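A.B. asks: Just to be clear, the model below is a prediction. Sequence and coordinates:
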Amino acid sequence: MQELFKTLVILFAVIDPIGTIPVFLEATKTFDNPTKKRVAIKAACLAFAILLFFIVTGQIIMEAMQISLAAFRVSGGVVLFIFALTMVFGEGKPEEEKHMIKDHQHVVVFPLAIPSIASPGAVLAVVLLTDNHVYTVWQQFLTTLVVLLVVACTAVLMLGARKIQDRVGETGITVISKVMGLILASVAVESILQGLKLYFNL
């Protein structure tokens, strides 16, 4: 149960459902309510499909490229740490991704599904959390369910985005994203330490 909770916290941090709210509002500001609902559901489904693809094939790709688990944990930890730093010290996920919006007709794919929900950090996290040499098939299945839960939560938040933003405000959303960044930074350092421990057989 503790491991499952840790997985939930990691995935909630990297997917950042709350941070997706401003991105969704900006991307769909010209749409009517029925269209906004369709966009939210389609973006969530596409993001889950992308993450599921990496859950299934991530290990295969890693082994085909002859990447050791220790190297992947260290490199993954470094990338996640940099990602976390951008959440803590940078403009933050919402502002950064709002700047990426170019064409409002393709918002389902970009920037909502990618990179807002299925972010590079999220992809890296699901690969690390479903490593065949570390986790059993049952544990990987539970992780997949957690991914589905977090993505579903993201979809629900997008559907109620306007009401949530009115209550919490841009500042509140930014604060929550930065707290998630701090948690993610700790997880990233732990991954690096585990990789070094594995490599040096400590």
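C.D. replies: Looks like it arrived, so ask away. Residues are numbered from 1 along each chain as shown.
A.B. asks: now the strands for the chain?
C.D. replies: Per DSSP state E, the chain carries no strands over any range.
A.B. asks: longest helix anywhere in the protein?
C.D. replies: Longest helix in the chain by number of residues (criterion: DSSP state H): helix 161-199.
A.B. asks: Mind listing what's buried along that helix?
C.D. replies: In terms of neighbour count (16 or more other Cβ atoms under 10 Å), helix 161-199 has its buried residues at 161, 164-165, 173-174, 176-178, 180-181, 183-185, 187-188, 191-192, 194-195, 198. All C-beta spots, glycine's among them, are computed from the backbone N, C-alpha and C.
A.B. asks: from the middle of its chain, how far away would stretch 108-128 be?
C.D. replies: 5 Å (Cα atoms, centre = their mean, to the nearest Å).
A.B. asks: Ends of it, what's the gap?
C.D. replies: Terminal residues of stretch 108-128 lie 26 Å apart, using Cα to Cα, to the nearest Å.
A.B. asks: likewise stretch 123-142?
C.D. replies: This stretch, stretch 123-142, spans 17 Å end to end (Cα to Cα).
A.B. asks: Give the buried residues for stretch 7-25.
C.D. replies: In stretch 7-25, counting by 16+ other Cβ under 10 Å, buried: 7, 9-25.
A.B. asks: what about the helices in this structure?
C.D. replies: Under DSSP H, the chain gives helices at 2-15, 17-27, 33-64, 69-89, 93-98, 120-129, 137-159, 161-199.
A.B. asks: Would you mind getting the angle between the fourth one and helix 2-15?
C.D. replies: With axes from the mean of the first three to the mean of the last three Cα atoms, to 10 degrees applied, the angle from helix 69-89 to helix 2-15 works out at 60 degrees.
A.B. asks: Does residue 194 touch residue 69 like I think?
C.D. replies: No. With contacts defined as Cβ atoms under 8 Å, residue 194 does not count as touching residue 69, sitting 9.4 Å away.
A.B. asks: Report how many residues lie close to residue 73.
C.D. replies: 23 (other Cβ atoms under 10 Å).
A.B. asks: And the nearest residue to residue 153 once chain neighbours are set aside, how far from residue 163?
C.D. replies: Among residues not flanking residue 153 along the chain, residue 17 sits closest, at 5.1 Å (Cβ to Cβ, 6 or more residues apart in numbering). Residue 17 is 15 Å from residue 163, where distance means Cβ to Cβ, to the nearest Å.
A.B. asks: returning to that earlier point: out of the helices of the chain, the one nearest residue 113 is which?
C.D. replies: helix 33-64 (4.1 Å; Cβ to Cβ).
A.B. asks: That closest one relative to helix 17-27, how many degrees between them?
C.D. replies: Using the same axes, to 10 degrees: helix 33-64 against helix 17-27 is 130 degrees.
A.B. asks: which regions of this structure sit below the pLDDT cut-off?
C.D. replies: By pLDDT under 70, the low-scoring segments of the chain are 91-105.
A.B. asks: What is the longest helix of the chain packed up against?
C.D. replies: helix 2-15, helix 17-27, helix 69-89, helix 93-98 (3 or more Cβ pairs under 8 Å, 6 or more residues apart in numbering; DSSP states H and E).
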